[in-house]
Structures are given as structure tokens and as C-alpha cells.
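[1] give me coordinates for this.
(chains A, B and C)
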Amino acid sequence: MENLIETKNLTKVFPLGGIIRRKSVTAVENFSLEIPNDRQVIITLAGESGSGKTTIASLLLGFVKPTSGEILYRGKNMWKLKGENWRRYRREVQAVFQDPYESLNPFYQVDSVLMEPLKKFKLARSDAEAIKLASEALQSVGLNPDEVFDKYPHQLSGGQRQRVMLARVFAIRPKILIADEPVSMIDVSLRADILKIIQTLEKEHEMSCIYITHDLSNAFCISNEMIILYLGSVTEQGDFDTIIKDPKHPYVKMLINSIPIPNPKSRWQGRVRLQDIEIARLERIVGCKFCNRCKEAMPICSQKMPPLLELEKGRKVACYLYA
Amino acid sequence: MDAPLLEAQDLKIYYRTQGPPVRAVDGVSFAVEEKEILGLAGESGCGKSTLAAGLLKLVSPPSYIAGGKVLFRGNDLYSMSDEELRMIRWKHIAFSPQSSMNALNPVVKIFNQIEDTIEAHEGKKQKKHLENHISNLLKSVALSTHISKGYACELSGGMKQRVIISMGMALGPELIVADEPTSSLDVIVQRGVLELLVDLKDKQGTSVLLVSHDIAILAEVVDRLAIIYAGKIMEIQDVYDIFEEPLHPYTQGLIASVPTFERKEIPRSITGLPPDLKNPPSGCRFHPRCSKARDICKETEPEFEETELGRFVACHLYS
Amino acid sequence: MKDKQTIWVRDLARRRLRGLRVVVENKKILIGLCMTLGFYIVAQIGSRISPYDPKRMGDAPLNLPPSQEHPLGTDPLGRDILTQLLHGSINSIHIGFMAGGVAFLVAMLLAVTAGYYGGIIDSVVSIITEVFITIPSLAILILIAAIFGRISVPLMSLILATFGWAFPCKILRAQTLSLKERGFVRLAKLSGASGIEIVVKAIIPNMLPFLGAWFAFATSGAMMAEAGLELIGLGPQTIVSLGLMLNWAINYTAFTRGIVNWWLPPCVVLVWMFLGLFVVSIGLDEVGNPRLKVK
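    Alright, predicted model coming up:
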């Protein structure tokens, strides 16, 4: 059985202008990912700013075209889908974004956010049915349709807006949800509810999720697999728990060690060196992108990009220390 | 026992509305000692940002000081003239407000912005002297000097935040009040900025009041932790003690609601929502959400008391 | 729950017409429409019931001050000024709205298409727009007037439209570009909306304040341009218009002779129409920004 979504060596380069010397930034390089068709997974796509995770979301959603590599949806190239196949892709791959306010059209009341897709994807045969499905969806996320249906976006709180976006997902029942920082702009006390909704969608509604975030603690609660990106390339991927307990890649080690833990008994040891972080991003680096910050760098690291190799079942690392 | 560096006594800061005022800070008392990092934790809307700005009397309408005092080395800041207060601000107490990265002027060179700050308080300086000073400042926040010749738009979020901190340190203050200094920063940069604050305390003896909703980062760097809820301080303890044995039910709920790698489950957040500060609940403000609430909690507000040395809590369970 | 749902279904139909309702219910739009449309209707009626001819010389005694028979008096050529005003207003409004309307529509269509679809369409439209903006319109207009001599009203409108579409187009395109990047446009794509649907339902409604303002600008600009050209002697000259009245007023030294009742009324009418259009655009601003609607 083919994978639901599969990307092979996905690369995206953005030109940066300049007429004589065309500069460019490689946002994503050689990214490969598989979402199976026969079971549900929540994969965390983790990385700091500049890691390319948002670009991957845009690529998977069809907002930008890859520079090279391909994205296969149910075995077919996503950009060559037509007719019913394309409509199916559009319906089955949905998203929730970081800023729920941005995602809502200020001109319309929020019911349109639910009614639009129900009509367009022919999930409801009449207005009445659409309203019924929409109110059920709103109730599934803990919102009272009475209170929300005819409000304008600016009349709702941040937490409510994000729930409306998830209600929309409930109504559409996609196969894959791309959640791009779904809780980072939500109050801490309301984040658990949003995470629960995503978990419910996975367990009870056959939906896989690509959870994109820089905050691993929240993702850990609901996700079992993780891919960590650094400046567009995959550094390590595999089982979430295992990587947290025993990270292999030097960048991942530094990242995991820098996650704040609410326990003063296990405070950060040593210091991170900040000076070079920002400079690294600006330079065009040959070889491993982390080599100029890596304490264990070897000569080969700055010459050639390390390949992503499988250490053990399901665990891959891109580092010459393990080649 | 030394006098505290900064002390708030029964501080009240309200917001005027058409109806009853919003009691954002409603009788807050605490102290920041010399050479310590005090953390102030609370959910959004609990009054912590109002409190942070209010300590330096940075209140503008519709907010106003409704009562209380703020003592800096024993001197009441609120009864000072504007000029005296201006001398204290920046030179003795520096303030880094929320999203202060956006406080950098986009069309002025970094060097000139730091220069302006210094000269506004200490008068014109010699060029050479100034260049040295600024160079050292930037070095102390791990930024190279050539940064100062550029503009804010060329810097990343983490770099901007460090420039703000260096501006705060420019006149060698004894206290920095930092409101959410790392809120939009990457994980590793966040650690770097927080470690910077720790270094300032260790090497230059600067105290820091670190305000944040994220108790995980507070656990990493503070010496003592204060918990604020609905405009009132609920608990203050040494940071090790408070995580070992949180006294107030709100603190317990807060700690339990933080996701960690110890438990593979969605943490339980405290039921309910923070109260409307125009009309806060009677008695203890937390009682509607408290699993251990008793009748007395609905009627009488608990006193903020020191139960043991250094352990302060406002809860009927301990009075 | 069932009851509520049936209410919502009925509501839905009402909500579809909401767009129109909201526009009609807005006070400022109504006032503005009354001012402009109202005046136009009054002028139409008035011009038809007036017994005088606005152009025929010697129709009445010369230089009469305002009286019952001639509410605005007569001009040095013996024509009733009020009749001139009514006929002139109608013609000026026709030219202005035709020219402004065409300019605005062309600007909007090109701007939105170029802005949303980008690519070659955008490059081509941008170049053409820039060219038209840099053409010195007054010089060309004078040239055309000199060559053609007598221009007809439709031609006049067309010429004015030709110089009126470029600038609004540039601004509206910029606005489209910024709206295109908004999150709700991405979401609309994810909901299966086609390009046209997104443009019509997501982008244009959020541009209403701009559209309203630029329509008012284009139309009042066209009326002003027409008046100005007539004033200096270029233009149709075959029909009475507000600008032509002012042209006559200058030629017959009405200003120095103090024949206020001749030159002031056209100015007042022009200002009145501009105000009306302005008020409509403010109303559209309110409609376009729901935050101003619902407290």
C-alpha cells in the first residue's frame, strides 16, 4: 500500500534578488518524509527559526513549488494531480496555523470558516446539513455554536479562534493535518485543550498530523516520532522518547540540553556560546551546516554534507561521528 | 539582615474604565534583595506586566497608581519628583519591557542609540571613552563591536534582545526589571540570554526581577520565585523549596500544568479561567478554581504571611 | 438545538444578502447617496420643467439679478443662470461619472488580476501602468483638444478615463499584493476556493475602504478635470457644463464685475458633489472594517 504522503529529496531555494549577483537562500535541502496510509501518526517537525520547517509546511500544502525533489500524494506527483485526484488532495490535507486571527477573514462572521469548505468539498448536501455539521464540529472542540456562529473574528479570544480553526478541521475530516505552531500564540492554560483536540482527531478520526514547532515539551505530550531540522537539513530523526533521552547529533544534544525544565535540581550545565549563532545563518556553508558551532567538528565536516544514515531501526542521524 | 534593594509595599495599580476600575495590581508586597534574581510568575492577564512597569512608575492613563509605595534603597520612588525619578531610572534601575526588541529605532545606528541613552543620563562624553564603553558593553552580551555600526533590521531577534540588555546595563544599574525578555526567541538563544542575566548577577552583582509566564525558564535561573494571580501575590519561596514543596494550590496547579519529558501525557491545566479583575471573587481570589477550597476561602481573603523563614504564602491552609 | 438550526438556515439566506444590506443600512453611505443621487434627480427634474433654454442668447433680459422668475438671475447674454446650472450639472455629472467609473473599473480589474496572479500578467500591467502615470496628462489633453477641435462628450469621458486609471491601479495593486499574503487567503485556498472566488470573496471585500476612496477620487477627479479643461477653453463647448459656465464667467469678466450669482453656483455644485462622494467613501470605510461596525 502506498504512503499517503511521501516526499523525496525535497529542496526549496528562494532567490533573494540582486540583479548582477543573484543571491539565494536554501530553505530546505533533501527533505524526505513518509506518512503511512494504514495507520495514524503524529510526527513532530522540530527546529528553531531558519530551520525550514515553515517552508516544508508551505510545500506540503501546495503553496510553493519545490525547486527539486518531489512530493507524492497517494503515489502520484502532487503538482500533477488533476480533477478528482486534486480535489481529494485538497480535502485530505488541511492545516492549522500559528496565528488564528490572521487565518480568519475579518470581513465575514466565523461561520463562513466552516460553511465554506463544507460546501466546496460537498460534505453537506444542503444549507441545513452544513449548519448541522458545523455546529457539531464546534461542539467537538468545546465551543457553544450559539455563542460563536455569528461573531466576527475580532470578537473572539485567541483560544476561541484557534478552536474555530480546529472545528473547521473536525468538519472537513482530513487525513493529514499540518499544524504549524498551533499553540505558541495561545495562553499557556489553554494549550492543553488544543493538544487534546489534536490527539482526539488522531485517535478517533483517523487523522495523522505533522506537528511543526520549536517547543518540544508540548509536542512530546502527543507525538511519538520526531524530525529535527537545522538550517534546512535533517539532523536527526526517530522515536521521540529515545532522542530526548539519548540525542546523538551534536546540535540536537545542545538543543535538548537547552530546553528549560521546571525543576531547579536539573538546571543547565555550562554555558552556550551565543556569539556565532547569528553569523552562521548568514554564511553560505559547504558541508555540515552545524560544523562551525560544533565542538566535535572534524575536517570532513566542513567539506561534505554528512548523509542521513540509519543507526538502528527507525533512528537516523546525519553526522560523521556515527558514519 | 541587609535592607532590600527594591521593596514594594501594598502596591495598587488600577485601570480606569467606564464602570468599576480594573484592579490589575491589588495590594502587592515583596522585595528584591541585593545580588539576587527574583522570578515573578503568572498567567497572562494576572497583572505582572502592569506591576513590572509600575515599579518604575511607568503608568500612563488609563492606568493609575491607586496606593502603596515602592522603596529603592529605602527611598520612596512614588514621592519623588519626575526629575529625581528620571535619574533613578536607567542609572539605578533598568527596564526591559515586553517585546522590547521592537523598541529599537529602525533608522538610527545601534551605536548612536546606546550613545543617546548614556548621554541622556550622564551628559556628553568623549568619543574615545564612549567607543570603549560601548564596545565593552556589547562584548559583555557576546556581540561583536561591528554590530554597533549597523541598524536594528540587520539583527536577529536574539541579537536585538541582547542589544536592549546591553543598553540597560550601560549605566551600571543595580537592578534590571525584565518583562518576558525571551518570549519570542529560539530555545538555544533563550538559554544564552538567560545565562547572560545570571552572569550579570554573578560578576557585576546586578539584581534581576525576571517576569514571565514560563515557570520552566524561571526554574532554570532564579534564586527566589514569586507567584502572582489576579493581581495578588500568592506565594514567594526559595526556588528549590517552591518546586520541592509548593504551598499554594495555585502554585501546585501551575507546576503540574507544565509539560515535561517525565510524563508522556497532556498535563492537566487548572480548571476555569482567571477572574475578571473589575469584579474579582470574594475572599481568596483563587477559590472558584481551587480543589481545596473551604467555606472560609469564599468569605475572607487570606493574609500574605511568612509561615517559615523565607516562605511566604497567602492561603487559609496555612494560617 | 433543532430550533436553533432552522433559525440559522433562515439566517443564512439573510446573511447572503448581508453584503447588500450592510451597504444600504450604513448612514454615511445613505447620506452620501442622497447628496449625490438626490441632487442629480433634482437637476434632471428641474432641467425638464424649466421653460428657458440654457444656451440661446437673448432669451431673457441681460444681467438681471436674482428674482422670482430667474432665481439665479441672468447672464450677460440673456440666459437664465439656474437653467444653465441644472443642465450643466447633469452634463458634468455624466462626464465625471462615466470617466471616473470607467477609470475606476479598469484600475480595479487590472490591479486585482495583476496583483493576485502575478507573473507575466503582473509585469505587463505594471509597465503599462507606470508608463501612463508618467505621461503628462495636461499636455496631452491640450494637444488632443487642439487637434480635434470640438470633442464630443463620450470622447471627452474616454480621454479623461485614460489618464485617470493608472494611479488608482498602482495603489490598488499594492493593496492586493499585501492582502494576498494574509492567512485567510491561504486558508481559502485550503478550503478549495478557486482564484476568482478568492479575489471576489476574500480580497475585494477587504479592500472596500480603498475601493470606495478611489472611486470617489476617480470620479471627483474626472469632474474636476472636465471643469478645469472647459474653464480654459478646451473641451466639448457644445454642451453646457459647470466648467463651461465658469469659462463664460471668466470671459465676461463676471469675477471682476461681481456677478456672484453666475460663478458661485457652479463652484458650490462641484463642492457639493465632492462632499457627497467623500461621505460615501467614509461609509464604505466603515462597512469594510467590521471593527467599526460591531462594538
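[2] could you check how far B:Lys188 is from B:Val198?
    Not Lys; residue B:188 is Ile. 16 Å (Cβ to Cβ, to the nearest Å). C-beta coordinates here come from the backbone N, C-alpha and C atoms, glycine included.
[3] and the stretch 201-323 of chain A, which residues reach chain B?
    The stretch 201-323 of chain A has residues A:214-218, A:220-222, A:241, A:244, A:254-255, A:258-265, A:267-268, A:271-275, A:277-278, A:281 near chain B, with proximity defined as Cβ under 8 Å from any Cβ of the partner chain.
[4] what subset of those residues is also close to chain C?
    Of these, not one also sits near chain C (Cβ under 8 Å from any Cβ).
[5] isn't B:Gln190 up against A:Trp268?
    No: the criterion here is Cβ atoms under 8 Å, and B:Gln190 misses it with A:Trp268 at 10.8 Å.
[6] okay, and the common contacts of the two?
    A:Ser258 (Cβ atoms under 8 Å, 6 or more residues apart in numbering or on different chains).
[7] the more surrounded of the two?
    Applying other Cβ atoms under 10 Å in any protein chain shown to B:Gln190 and A:Trp268 shows that B:Gln190 carries more neighbours, namely 25 against 17.
[8] and that one, what does it touch?
    With Cβ under 8 Å, 6+ apart, B:Gln190 has these contacts: A:Ser258, A:Pro260, B:Gly158, B:Thr182, B:Ile217.
[9] repeat that with 7 Å
    B:Thr182, B:Ile217 (Cβ atoms under 7 Å, 6 or more residues apart in numbering or on different chains).
[10] A:Cys294 now?
    A:Cys294 touches A:Pro250, A:Cys301, counting by Cβ under 7 Å, 6+ apart.
[11] repeat that for A:Asp239.
    Applying Cβ under 7 Å, 6+ apart, the residues contacting A:Asp239 are A:Asn224, A:Glu225, A:Gly314, A:Arg315.
[12] tell me the mean pLDDT for stretch B:258-269?
    Mean per-residue pLDDT for stretch B:258-269: 91.
[13] may I have it as CSV, with CA atoms only?
    Output of stretch B:258-269 as CSV, limited to C-alpha atoms (Å, rounded to 0.1, in the frame of the first residue of the first chain):
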residue,chain,number,x,y,z
VAL,B,258,3.8,22.4,32.6
PRO,B,259,4.5,19.7,30.1
THR,B,260,7.7,17.8,30.9
PHE,B,261,9.6,14.9,29.4
GLU,B,262,8.9,12.9,32.5
ARG,B,263,5.3,12.2,31.7
LYS,B,264,4.0,11.2,28.3
GLU,B,265,0.6,12.8,28.6
ILE,B,266,-1.1,16.1,28.2
PRO,B,267,-0.7,17.9,31.5
ARG,B,268,-3.8,18.9,33.4
SER,B,269,-4.3,22.6,33.4
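[14] tell me the confidence at B:Ala103?
    pLDDT, B:Ala103: 82.
[15] ok, it - how many residues close by?
    B:Ala103, neighbours per other Cβ under 10 Å, totals 15.
[16] without its sequence neighbours, what residue ends up closest to it?
    B:Ile164 (6.6 Å; Cβ to Cβ, 6 or more residues apart in numbering or on different chains).
[17] wait, the one you found touches B:Pro97, no?
    No: taking Cβ atoms under 7 Å as the definition, B:Ile164 is not a contact partner of B:Pro97, at 9.1 Å.
[18] so how many other residues sit close to residue 49?
    With no chain named, the answer covers chain A. Count around A:Ser49 with other Cβ under 10 Å applied: 16.
[19] I was after chain B.
    Counted with other Cβ under 10 Å, B:Ser49 comes out at 20.
[20] circling back: more neighbours: which of B:Ile164 and B:Pro97?
    B:Ile164 (24 against 18).
[21] helix, strand or coil: sort out the more buried one for me.
    helix (DSSP: H, G, I helix; E, B strand; the rest coil).
[22] contacting residues around it?
    B:Ser96, B:Ser100, B:Met101, B:Ala103.
[23] hmm, 8 Å instead?
    B:Ser96, B:Ser100, B:Met101, B:Ala103, B:Leu104, B:Pro181.
[24] and the closest residue to the second one other than its chain neighbours, what pLDDT?
    Just to be clear, that refers to B:Ser100. Excluding its sequence neighbours, the residue lying closest to B:Ser100 (Cβ to Cβ, 6+ apart) is B:Ile164, at 4.7 Å. Among the per-residue scores, B:Ile164 shows a pLDDT of 88.
[25] what's the distance between B:Ile164 and C:Cys34?
    Distance from B:Ile164 to C:Cys34, by Cβ to Cβ: 55 Å.
[26] repeat that for A:Lys304.
    A:Lys304 is 76 Å from C:Cys34, by Cβ to Cβ.
[27] again, but for A:Glu116
    36 Å.
[28] rewinding a little: among the contacts of B:Ile164, who's most crowded?
    B:Pro181 (29 neighbours).
[29] who touches the nearest residue to it once chain neighbours are set aside in this structure?
    Spatial nearest neighbour of B:Pro181, excluding adjacent residues (Cβ to Cβ, 6+ apart): B:Ser96 at 5.5 Å. B:Ser96 is in contact with B:Ile164, B:Ile165, B:Gly168, B:Ile176, B:Val177, B:Ala178, B:Asp179, B:Pro181, counting by Cβ under 8 Å, 6+ apart.
[30] before we move on, back to that, tell me the one of the contacts of A:Asp239 nearest chain B?
    A:Asn224 (8.6 Å; Cβ to the nearest Cβ).
[31] and the closest one, how far from A:Pro264?
    29 Å.
[32] neighbour count winner among those two?
    A:Pro264 (20 against 15).
[33] please identify the helix or strand for residue 87.
    Reading this off chain A. helix A:83-92 (DSSP states H and E).
[34] correction: the question concerned chain C.
    Short version, using DSSP H and E: C:His87 is in helix C:81-117.
[35] tell me what that helix is packed against?
    helix C:39-49, helix C:119-134, helix C:153-164, helix C:166-180, helix C:208-231, helix C:242-251, helix C:260-288 (3 or more Cβ pairs under 8 Å, 6 or more residues apart in numbering or on different chains; DSSP states H and E).
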